[in-house]
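Visitor: fold the following and give me the result.
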Amino acid sequence: MKLLLATSLALVTLAVPAQASPQPTITWGACADQALAAGGAECGTLAVPLDPAAPNGPEITLAVSRVQHRTAVSKGTVLTVPDPFTGTGYQQPLVGARMAGGDAFDWIGIARRGLAPSVPATTCASNPVELGRPAYVPVPATEPYWTDRIRKIAADCAGEELLDHLKTTDQAADLERVRIALGAPTVSLYAQTYGTYVGQVYQSLNPGRVTRAVYDGSLDPKRLWYHANNFDQDVLLEENQHRWFDFLAAQDGTYHLGASRAAVQAAFDQKVRDLTVQPVNDFGSSEFIDVYLFAAYSEQTWPLLAPALSALVNNNDLSMTLGLYSAFYGADASNRYSALLAQICTDTSWPSDWNKWKADSWATHALAPNSTWGNTWFNGPCAYWKHKPGTLVQPGGTGSALIVNGTLNAVTPFQGSLEVRSRFPNSALLAVANGISFQSTFAGNACVDNAVAAYLANGTLPARKPGRQADATC
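Guide: Below you'll find the model as predicted:
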């Protein structure tokens with residue numbers, strides 16, 4: 001899965017404290033990050049154990065941010081759980097503080113361990129979206145490129161001690177260290193996509209410390225990670241891309257890509273074939289799919305992508321597409337990819353038989369030809385990962401939670417939210433009808449945002465319905 005702050009990583013020596021502090025502290029000051037500074041945030045750092053099981057051992061440094069309440073009295077602290085999928089977290093307090101009633105809370109952001117500006121930051125894995133790659137769908141001439149690439153990434157990442165300690169449980173331990181450093185007896189959580197699993201693990205392991213939790217899109221804990229970050233997504237992504245084709249067909253008078261889904265599909269597939277045979281300045285079919293598969297992640301991208309595809313298909317004008325490629329995949333892609341692999345490849349074991357991967361990929365490719373193989377190669381290093389896998393925590397408990405998800409979300413499919421709802425009997429699930437975006441909160445849906453605001457303010461949840469279903473719908 002490709003939605004991936006990069007930093008050049010020299011050899012980093014982990015600091016060994018002379019004596020571990022029993023009470024971690026954060027010294028707040030001005031933010032170097034321009035967005036945080038402009039938003040009135042404060043920034044600081046927090047030393048945490050590299051290995052949470054060895055509190056007196058070497059330490060790493062987390063970068064943290066804070067937007068304080070602007071009301072007379074704070075209604076509490078909200079930890080914005082870092083999202084391994086998008087890499088967000090450090091700047092998230094700016095978003096939370098702007099929601100209705102959000103200024104009554106203290107919002108805390110964290111650059112998760114391994115991700116800049118936390119130190120050290122890993123860049124062991126090469127940029128997953130660099131230019132010049134062959135087509136994703138392998139043929140005898142190109143398959144060695146891809147298999148060599150994923151083996152090399154696994155080998156390049158093998159020597160970093162940090163990568164033994166980027167698991168979900170390590171991140172959950174960091175949340176607890178941040179809570180202690182803030183001096184907060186309890187906190188509320190706000191988490192999106194893959195960050196929801198981190199938050200749910202933290203809530204399960206520290207049930208008395210979480211007042212309320214908002215989970216925007218949830219993974220199915222039974223499907224981690226070979227299926228959840230891979231094959232569970234592919235067909236749904238393809239279906240969402242087809243919905244975008246319907247959008248384009250309905251506006252054929254504007255975009256001139258065809259008046260039916262089939263016609264738009266034909267124009268899209270022809271461009272895939274053209275760029276496979278003849279890339280333009282190293283921009284080939286893999287890069288093309290990387291850009292336009294964004295439509296399957298969020299319908300908010302549709303008006304942005306549509307004129308770029310129209311210019312490329314109708315005028316052979318690649319400039320807008322290249323601009324989007326640069327905007328979507330910045331210089332931080334290697335850092336985000338490395339940190340994500342370190343989590344998902346090390347949380348639990350993956351199949352090590354590449355023949356199984358191939359068989360599963362070809363079977364899924366028959367249903368989802370544009371989304372399957374790119375996802376396979378993205379996750380492929382996990383087949384050869386050298387770091388010892390951990391043991392997954394299966395979340396659940398009596399704590400309160402508001403779970404939100406779009407019914408057509410392909411990144412964290414709706415089934416995952418139904419499963420999480422079943423594990424937290426004091427939770428409620430708010431469905432976003434026909435919602436495609438992997439982020440449903442703070443995305444302009446007043447129904448959703450008002451529900452989140454009411455829940456954080458006073459614990460109001462939709463009445464729980466019997467059975468395995470959503471409790472309310474927006």
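Visitor: give me the number of residues near Trp362?
Guide: Residues lying near Trp362 (other Cβ atoms under 10 Å) number 14. Backbone N, C-alpha and C define where each C-beta goes, glycine included.
Visitor: wait, is it part of a helix?
Guide: Yes - with DSSP: H, G, I helix; E, B strand; the rest coil as the criterion, Trp362 is part of a helix.
Visitor: excluding sequence neighbours, find me the nearest residue to Asp317.
Guide: Ala311 (4.1 Å; Cβ to Cβ, 6 or more residues apart in numbering).
Visitor: quick one, strands of the stretch 1-150 of the chain?
Guide: 42-49, 59-67, 77-80, 106-111 (DSSP state E, counting those that start in this stretch).
Visitor: got those as CSV, with mean pLDDT and distance to Trp354 columns?
Guide: CSV is the format used below for the strands of the stretch 1-150 of the chain (pLDDT from 0 to 100; distance: least, Cβ to Cβ, whole Å):
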stretch, mean pLDDT, distance to Trp354
strand 42-49, 97, 36
strand 59-67, 97, 33
strand 77-80, 98, 38
strand 106-111, 98, 34
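Visitor: which of the ones you listed sits closest to Ser188?
Guide: strand 77-80 (4.7 Å; Cβ to Cβ).
Visitor: contacts only, for the nearest residue to Ala173 once chain neighbours are set aside.
Guide: Closest residue to Ala173 apart from its sequence neighbours, by Cβ to Cβ, 6+ apart: Pro52 at 3.7 Å. By Cβ atoms under 8 Å, 6 or more residues apart in numbering, the residues touching Pro52 are His165, Thr169, Asp170, Ala173, Asp174.
Visitor: shaky segments in this structure?
Guide: Applying pLDDT under 70 to the chain flags the ranges 1-22, 331.
Visitor: give me the most central residue, it.
Guide: With distances taken as Cα atoms, centre = their mean, Phe85 lies nearest the centre of the chain, 1.6 Å away.
Visitor: which of the residues in stretch 350-363 are buried?
Guide: Trp350, Trp357, Asp360, Ser361 (16 or more other Cβ atoms under 10 Å).
Visitor: for stretch 281-298, same thing?
Guide: So, applying 16+ other Cβ under 10 Å, buried residues of stretch 281-298: 283-298.
Visitor: quick one: end-to-end distance for that stretch.
Guide: 28 Å (Cα to Cα, to the nearest Å).
Visitor: now stretch 373-388
Guide: Span of stretch 373-388 from end to end, Cα to Cα: 26 Å.
Visitor: now do the buried residues in it.
Guide: By neighbour count on 16+ other Cβ under 10 Å, the buried set for stretch 373-388 is 373-385, 387.
Visitor: nearest to Ala111 among those?
Guide: Distance to Ala111 across those (Cβ to Cβ) is lowest for His387, with 21.3 Å.
Visitor: touching, that closest one and Leu163? I think so.
Guide: Yes - using Cβ atoms under 8 Å, His387 is in contact with Leu163, at 5.4 Å.
Visitor: that older thread, the residue nearest to Asp317 reaches Leu324, doesn't it?
Guide: No - Ala311 is beyond contact range of Leu324, at 11.0 Å (criterion: Cβ under 8 Å).
Visitor: these two: which has the busier surroundings?
Guide: Taking Ala311 and Leu324 together and counting by other Cβ under 10 Å, Leu324 has the greater number of neighbours (19 against 16).
Visitor: what's near enough to touch that one?
Guide: Shown in contact with Leu324 (Cβ under 8 Å, 6+ apart): Val291, Phe294, Leu304, Leu305, Ala308.
Visitor: so which strand or helix has the first one?
Guide: Going back to what we said before, that points to Val291. helix 285-292 (DSSP states H and E).
Visitor: got the contact list for that helix?
Guide: Contact with helix 285-292 is made by 2, 129, 131, 133-136, 241, 268, 271-273, 275-276, 279, 305, 308-309, 321, 324-325, 328-329, 370-371, 374, as judged by Cβ under 8 Å, 6+ apart.
Visitor: chain center to it: distance?
Guide: Centre-to-centre, helix 285-292 and its host chain are 19 Å apart (Cα atoms, centre = their mean, to the nearest Å).
Visitor: can you name the next helix or strand after it?
Guide: With elements assigned by DSSP H and E, the helix or strand that comes after helix 285-292 is helix 294-297.
Visitor: Arg243 looks like it's in a helix, true?
Guide: Yes - Arg243: assigned to a helix according to three-state DSSP.
Visitor: so it is in contact with Ala410, correct?
Guide: No - between Arg243 and Ala410 there is no contact under Cβ under 8 Å: 10.3 Å.
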